[in-house]
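>>> Return atomic coordinates for the entry below.
(2 chains)
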Amino acid sequence: MDLFDIVTPLFLSLIVGGTFVGIIFGAIPGMTATMAVAVCLPLTYSLGLNNGLALLLGLYVGGISGGLVPAILLGIPGTPSSITTCFDGHPMTKAGEGEKALRIGIVASLVGGLISLLILDLFAPVLAEFAIQFSYVEKFLIILFALSVMAALSSDMLMGIFSGFLGIFISLIGTYSIESGGNGEIRLIPPGMENWLESGFSLLPVLIGLFGLAAILEEAEKGVPESMSAKDVKIGAASTFSFGIFRNQIGNLIRSSSIGTFVGILPGVGGSAASILAYTGAKTFSKHPETFGKGEPAGIVASESGNNGLTGGALVPLLSLGIPGDSTTALLIGAFTLQGVQVGPLFIGENPRTWDAMIIAMLVANFAMFGIMYFAIRFMARVVTVPKPILFPIILMMCVIGAYTINYGIMFDVWTLLIFGLFGWAAVKVGIEVAPFIIGFILGPSAEIYFVKSLESFGDLTIFFTKSWIAIFLWVLIAGSIGGSAMLARKRRMQEAFAE
Amino acid sequence: MKLTRRAILATVSAAAILAQPLMAAAQELPRNVRLVIGSTSTGGDTYQNAAIVADALAEKLGINIKVDAVGPTEAFKAVGRDKRGTTLMMHHDQSYLGHLYGVRGYDDIFAEYQIGPTVAVNPGNAYLLPKDSPYQSMDDILKAVESGERVRVAIQPGGVSEIGFSAMKNAAKLAAPGSEENLVAVNTGSQSDKDQALFDDLADVINGSIQSNEQYTQLPADDQKAMRFVWITARPETLSQAPEAGMGKLSRDDMLKYASPETSVTLDGSKDFTFDKVFFFIYNKDMDPAIVKQIDDALAEIYADGTIQERQKEAFFIPDFRPSAEARAHLEEKNAAYAKVIDAIGAAQTN
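Below you'll find the predicted structure:
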């Protein structure tokens, strides 16, 4: 390979520029990496394949990583895959540790991205062979494992499970989509509401309603909120961040990055599941699971290395099977087709230069993401010192714009934002837990499709236990996760009883 | 205030002068146009076609056209609301097949909307088998179902993916009534689900495309993923316009071997069934005929220039421009032919 034929100044500029724009997209609630790639896709026609891919992969890595900024600083996940970053990142911000949380998230993102890239480069065809061993049954069990975190995330286990099932129930409102293998029929819609609800509630508006608008309503209820002063926020020299934090996190980093990569290679499982599974894994294996959700750095490490691990993983089925691993890589197929390049099982062998260009672009994009974000943290972290009467209307405006644009201009998505903002505000008052609710909402549709398709394809429920050794292994993980949660709940109850 | 005759005249004249540009503007496309498509994917063939045509049309008319992948339900709603030409729609045969199959959200486009010009054909719709399948041809499959063997075909129901399957059932019924019951649909979603159904031995045949599946046909027979084509549904006249080199290792001549007349799936005992996936505009029913003509004329000039055809061919589409009236007649003819097939096998849903 003649490296300098590929790595031209334009190639590098497009990666860095794409990463920068992607970070901005990811950091604005309601805008996603997918949207960034979609907006820039037509540009790739004039750029040529390698340069076009450089831009798109920069946007992809930047878009996935940028989501951690609002998740940590504002408690609003910038993208669905940064949902679990909120759980520990935002409590750290509230404690004045926003900059430290950001730095942890960015380093974890870099490590996750690099590990997945290494796996992509070395094992892509082998992993693609492994991925096709996962039928509907195994995919359902993976979703079930991710759902098992619902119990672990709750302060009241029973209420958490109820909230999670409520999330699943609401996610199923609408049409059982033919595109996903359903029958095209509508269900769970009150009479007269078909015109509004036939497409169901979109994920992004629900997400930013529950986490963004609900938080603003809660603050508004308390009166004019006080803003954090620069003294309260540990920025710059005052920050307590050091790389030593990662000394105890090497196992977590490798495990979470691998989980993210693994989820990426399974088409259809979805990017959000990557960070949820990584978070579940970190909590299950932690010596102090009770600290998760209260500002535990290991939670941020797991979530961010998991979702960036997805970036390399999702390219495995794309480049080895011609099947996209997530919604963003689905767009990359468009870039290939526009240039008349086929993607499929022979792609890597037939297009070594494009393959090399993609690996280099991903590598540079990860370091560009790290460079841009790490050195801009100091300024980003000051967001929390902006007076809230100014900050909240801006957030609200961004949320509304994000909701309106996510499906290319559908007004019902803005209503969804408002409905779930009010729901999120009211839910806390009646004890419904938002974290398990949203996890149920995210994973519900996949769980339904894979469950129904498993039964349609294989006949009866025993198939979930007898299909393969992978299924047995997944049951062990599910049992471990649920058992761990039950033990944690029991320990918490005993501590409370002891304290009384 | 006292209204004099002069004041009334002045007001009316001023109003007329002000209204003139608005009336003139109403007869042509607005400066900013939204082209909604019947797919939510921005990586699929509908988006690619829409993007190529939108670019050319925007440049020709000096306007802005933004392609929005909102999906069929929202696209029909959006174009149904707007008769000013601010919102146009592009979709393919799914738009009327959905109605024929009784899929929710699909009205009769010929009654509820105006049909605009066609722009291109995707000739790639195909059916594939595992490489080690005992069936060598469509004849083998039809003979197998006739002899009572059950053949499972993975499709996405209710449209483009199903129409070829319906044609297979129709051909089986014509050859031996009742044998069509042995052709069983395995309902899946995306292309990857159909491929996976083949890998998992849940289907004997899958619907796919030349673009998505050609590389799988190059794999060695002992590979779990290896496939081979058994039928390409496009008309031979359409495939003849594809690049001679074809796609991957599948040359144009190879493609023609899998298409009518060499691979025959009969429509009525005398003619073969064929299916070209045609992309076309759909307008609001009451959109100004002057705007329809403006788009027809602009596209006629664009296609006469010839540059757009190069872009379409690079993306493996066959350029196919027909002005609105001709497009409507062509699509109505297709609609009627496919309605007969669907009625013959009773495949329409009842909702």
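>>> okay, CA-based contacts and neighbour counts for the rest of this
Noted.
>>> Show me the helices in the stretch 251-351 of chain B, by range?
B:252-258, B:289-305, B:307-314, B:324-345 (DSSP state H, counting those that start in this stretch).
>>> Chain A is nearest to which of those helices?
Shortest distance between chain A and the helices of the stretch 251-351 of chain B, using CA to the nearest CA, is found for helix B:307-314: 5.4 Å.
>>> Return the list of helices and strands in contact with that closest one.
helix B:45-61, strand B:318-322 (3 or more CA pairs under 8 Å, 6 or more residues apart in numbering or on different chains; DSSP states H and E).
>>> Report the helix or strand with the lowest average pLDDT across chain A.
Confidence across the helices and strands of chain A bottoms out at helix A:149-152, with a mean of 75, counting by mean pLDDT, DSSP states H and E.
>>> For B:Ser190, which residues are in contact?
Counting by CA atoms under 8 Å, 6 or more residues apart in numbering or on different chains, B:Ser190 touches A:179-181, B:156.
>>> What of A:Asp121?
Applying CA under 8 Å, 6+ apart, the residues near A:Asp121 are A:Ile359.
>>> In a helix, it, correct?
Yes: per DSSP: H, G, I helix; E, B strand; the rest coil, A:Asp121 lies within a helix segment.
>>> gap between it and A:Ala368?
19 Å (CA to CA, to the nearest Å).
>>> hang on, the earlier thing: ok, which pair from the contacts of B:Ser190 is furthest apart?
A:Ser180 and B:Gln156 (8.7 Å; CA to CA).
>>> And these two? Which one has more around it.
B:Gln156 (27 against 19; other CA atoms under 10 Å in any protein chain shown).
>>> want to throw the helices of the stretch 251-351 of chain B into a markdown table with distance to A:Asn407?
Below are the helices of the stretch 251-351 of chain B laid out as a markdown table (distance: least, CA to CA, whole Å):
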| stretch | distance to A:Asn407 |
| --- | --- |
| helix B:252-258 | 38 |
| helix B:289-305 | 27 |
| helix B:307-314 | 27 |
| helix B:324-345 | 29 |
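>>> what's the least confident stretch among these?
Looking over those, mean pLDDT reaches its minimum on helix B:307-314, with a mean of 91.
>>> can you pull out the helices in the stretch 251-400 of chain A?
Here the stretch 251-400 of chain A has its helices, by DSSP H, counting those that start in this stretch, at A:271-285, A:297-321, A:327-338, A:347-350, A:352-380, A:388-406.
>>> Chain B is nearest to which of the ones you listed?
helix A:327-338 (4.1 Å).
>>> Establish whether that closest one and chain B are in contact.
Yes: judged by CA under 8 Å from any CA of the partner chain, helix A:327-338 comes into contact with chain B at A:330-335, A:337-338.
>>> picking that back up, output the helices of the stretch 251-400 of chain A in a markdown table; the columns should cover mean pLDDT.
Converted to a markdown table, the helices of the stretch 251-400 of chain A look like this (pLDDT from 0 to 100):
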| stretch | mean pLDDT |
| --- | --- |
| helix A:271-285 | 86 |
| helix A:297-321 | 91 |
| helix A:327-338 | 79 |
| helix A:347-350 | 86 |
| helix A:352-380 | 91 |
| helix A:388-406 | 87 |
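>>> which of those sits most buried?
Highest mean neighbour count of those: helix A:297-321, a mean of 32 (counted as mean count of other CA atoms under 10 Å in any protein chain shown).
>>> how much does that helix deviate in direction from helix A:271-285?
140 degrees (axes from the mean of the first three to the mean of the last three CA atoms, to 10 degrees).
>>> just checking, what packs against helix A:297-321?
Looks like helix A:297-321 contacts helix A:49-66, helix A:83-94, helix A:98-131, helix A:250-265, helix A:271-285, helix A:327-338, helix A:347-350 (3+ CA pairs under 8 Å, 6+ apart).
>>> Out of the ones you listed, the one nearest A:Gly17 is which?
The nearest among the helices and strands packed on helix A:297-321, by CA to CA, is helix A:49-66 at 7.4 Å.
>>> Indicate whether the closest one makes contact with chain B.
No: Helix A:49-66 does not reach chain B (CA under 8 Å from any CA); its nearest approach is 12.7 Å.
>>> Now that helix - C-alpha only, PDB.
What follows is helix A:49-66, C-alpha atoms only, in PDB (Å, rounded to 0.1, in the frame of the first residue of the first chain):
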ATOM      1  CA  LEU A  49     -15.100   7.200  -2.400                       C
ATOM      2  CA  ASN A  50     -12.100   7.400   0.000                       C
ATOM      3  CA  ASN A  51     -12.400  11.100   0.700                       C
ATOM      4  CA  GLY A  52     -16.200  10.700   1.100                       C
ATOM      5  CA  LEU A  53     -15.700   7.900   3.500                       C
ATOM      6  CA  ALA A  54     -13.200   9.900   5.500                       C
ATOM      7  CA  LEU A  55     -15.800  12.600   6.000                       C
ATOM      8  CA  LEU A  56     -18.600  10.200   6.900                       C
ATOM      9  CA  LEU A  57     -16.500   8.100   9.300                       C
ATOM     10  CA  GLY A  58     -15.300  11.400  11.000                       C
ATOM     11  CA  LEU A  59     -19.000  12.400  11.400                       C
ATOM     12  CA  TYR A  60     -19.800   8.900  12.700                       C
ATOM     13  CA  VAL A  61     -17.100   8.800  15.400                       C
ATOM     14  CA  GLY A  62     -17.700  12.500  16.300                       C
ATOM     15  CA  GLY A  63     -21.500  12.100  16.400                       C
ATOM     16  CA  ILE A  64     -21.300   9.000  18.700                       C
ATOM     17  CA  SER A  65     -18.800  10.700  21.000                       C
ATOM     18  CA  GLY A  66     -20.400  14.100  21.200                       C
END
